[in-house]
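Visitor: with the input below, show me the fold.
(2 chains)
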Amino acid sequence: MDPFVSTNKDEVQPQPPLREKVEKKPDEELKSRHAVTIRKSPSEVYTFFRDFKNFPLFIQNLIQVQVLSEHRSHWILQLKNEATVEWDIEIIQEIPDQLLAWRSVEGSEVETAGTIRFEKAPANRGTVVRLAMDYSLPGGKLTELTLLFTGEPPELVIMKNIKRLKAYLETGELPTIEGQPSSTSGSSLTH
Amino acid sequence: MRALCWQGKHDVALKNVKDPSLLNMHDAIIKVTTAAICGSDLHLYDGYIPTMEKGDILGHETMGEVVEVGSAVKKIKVGDKVVIPFDIACGSCQFCLEQEFSACDNTNPNSHMADKLYGYSGSALFGYSHMFGGYAGGQAEFLRVPFADTNSLIVPKDISDEKVLFLSDILPTGYMAAENCHIKPGDTVAIWGAGAVGQMAIRSAFLLGAERVLVIDHYEGRLQMAAESGAEVIDFEDVEGILDEIKYRTGGRGPDACIDAVGMEAHGHTVTANLDRVKAAVMLATDRPDALRQAIQACKKGGTVSVPGVYGGVLDKIPFGAAFAKGLTFKMGQTHTQRYMQPLLDRIVAGELDPSFVITHRVRIDSGPDAYKTFSDKKSECIKVIIQMH
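Guide: Predicted structure coming up:
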């Protein structure tokens, strides 16, 4: 959706710089970086985040996170076609109220690794949460999977879920219009 | 229930839809008693706002009686008479705490769309396209109000709907537009557009101490109403050069502040206005900003341009050099309605303000679709339509 992209045919389109196209491998690592400021203390945000059982409260289609041990958890995601995808992650670094780093356990169908940092925002404006993650999958599977279950690219899904985390922590609920009346059934743009 | 639904460009229909229900714990449901059609609804009617979907319920100027509240609603109770602001705020984010409610972070489930277009999304709006959340609007028999404690103003039961309905949008919008002018004693404020927001801005500007208010429009009925509020009116069709006329009338200094209460569908006959019309028709531009251009040109050195008129996209040929050369200040944006509702209600109750003067048409819900057409086609005599919903 980008309705205001210029459609002026007279405009000269900028030429891309002359360089050879880099061939992208399907299993290439992707680096994803996002930041959000949440009006809660670092300790509150960290405590909520560290309890992975909370994740289904704000991540769409995440059915369950089973905490297997202090450092290991099992994640189950619902796909559109009623199938599920499951994987294990382990915490590899942990500094209370400041940092969490994880990676998926070797052999997982879904491979992810990343860090999330919690930092006090200036003037009591809450906590800056910074996420940096790689998702690297044989055959680009996560990209395929996210497209399959949401019709959206993974970056958009990550960003939406970060916003949902913020909304949940700040207001106690997630904004929604699902189930509201309209003179046509359903709505294609909203979830 | 029955609701006025957007079916496409120039197509609003009264439809039977299911009743709204509580979807979140901070929601309330109100039985709508009176709603209004806003000038900005005509931007939807004319197809200027993207991401409308067939079947969307319209309306963002609404009031009624609370009939159901969610488990986390604390302030409002079943039976309360409430006015609902057009912008939906969570009441908890940093922006809401700073009373910048229309910049709320947490109410728009489609904020990624507006992020892409604007850098950051503002709050969701009732009945104003999916980019702004897709929330069903209040031109319906019932309305779901999210974060009901933040997004409702309890009003006395013995006051008529007509006196308080406009606290939902046009009164706070006209007032904030005037407040943004930082009016000082002796100031002249020029207002483009004598529609309902312009009318509210005139009275607000006088209330805030303006010495003179000039109003520019070309609809006889609207100019007459402006004159009745004490404004000096200029029909831009009648004058040779509108900028020269304004300069002359302000002693060669220019207005201290200019308010663009027209927005994206200006009607001028200047060369740029005609170009805008052609470009918009063939989708080469998104907005027709001729009122804004004039406001920038007319404004005095160091003055303020205040923009309550709605703009959506990328504007063409804005005289930014003039704005720079004169050191203008720009103030604009969706109104932080919740900030103004209680103090303006107090003024209404005290008898200092009665915004109902702007109502020209009163219809029942069955005539809603016709009212859109009348409002769109007969701008001279049709200034504000209110709809009785039950």
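
Visitor: my guess is B:Ser40 contacts B:Gly263, does it?
Guide: Yes - when contacts are counted by CB atoms under 8 Å, B:Ser40 is listed as touching B:Gly263 (7.4 Å). The way it works is simple: take the backbone N, C-alpha and C, and place the C-beta from them, glycine included.

Visitor: what is in contact with the two at once?
Guide: B:Val310 (CB atoms under 8 Å, 6 or more residues apart in numbering or on different chains).

Visitor: ok, the closest residue to chain A within the stretch 1-150 of chain B - contacts?
Guide: Residue of the stretch 1-150 of chain B nearest chain A, by CB to the nearest CB: B:Gly55 (3.3 Å). Counting by CB under 8 Å, 6+ apart, B:Gly55 makes contact with A:182-184, B:5-7, B:15.

Visitor: in strands, which of those residues fall?
Guide: Counting by DSSP state E, these place B:5-7, B:15 in strands.

Visitor: which two in the residues you listed are spaced the farthest apart?
Guide: Pairwise distances across those peak at 10.2 Å for B:Trp6 and B:Lys15 (criterion: CB to CB).

Visitor: what residue in chain A comes nearest to chain B?
Guide: The minimum distance from chain A to chain B, using CB to the nearest CB, falls at A:Thr184 (3.3 Å).

Visitor: list the contacts for that residue?
Guide: B:53-55.

Visitor: please apply the same query to B:Phe147.
Guide: B:Phe147 neighbours (CB under 8 Å, 6+ apart): A:171, B:26-27, B:88-91, B:107.

Visitor: and which of those residues is nearest B:Val82?
Guide: For these, the nearest to B:Val82 is B:Asp27 (13.2 Å; CB to CB).

Visitor: how many neighbours does residue 157 have?
Guide: Unless you meant another one, I'm taking chain A. Neighbour count for A:Val157, taken as other CB atoms under 10 Å in any protein chain shown: 20.

Visitor: you looked at the wrong chain, it should be chain B
Guide: 9.

Visitor: for the residue of the stretch 1-150 of chain B closest to chain A, grab phi and psi.
Guide: With angles defined as degrees, to the nearest 10, B:Gly55 sits at phi 100, psi -10.

Visitor: quick one: it from B:Ile365, how far?
Guide: 17 Å (CB to CB, to the nearest Å).

Visitor: looking at the chain, which helix or strand is least sure?
Guide: I went with chain A, as the question did not name one. helix A:141-150 (a mean of 65; mean pLDDT, DSSP states H and E).

Visitor: nope, chain B please
Guide: Ranking every helix and strand in chain B by mean pLDDT, DSSP H and E puts helix B:271-281 at the bottom, with a mean of 66.

Visitor: longest strand anywhere in chain A?
Guide: Secondary structure of chain A per DSSP E: the longest strand is strand A:84-95.

Visitor: report all helices and strands that the helix or strand that that one is followed by contacts.
Guide: Sequence order places strand A:99-104 as the next helix or strand after strand A:84-95, per DSSP states H and E. Under the contact criterion of 3 or more CB pairs under 8 Å, 6 or more residues apart in numbering or on different chains; DSSP states H and E, strand A:99-104 touches helix A:42-50, strand A:84-95, strand A:112-120.
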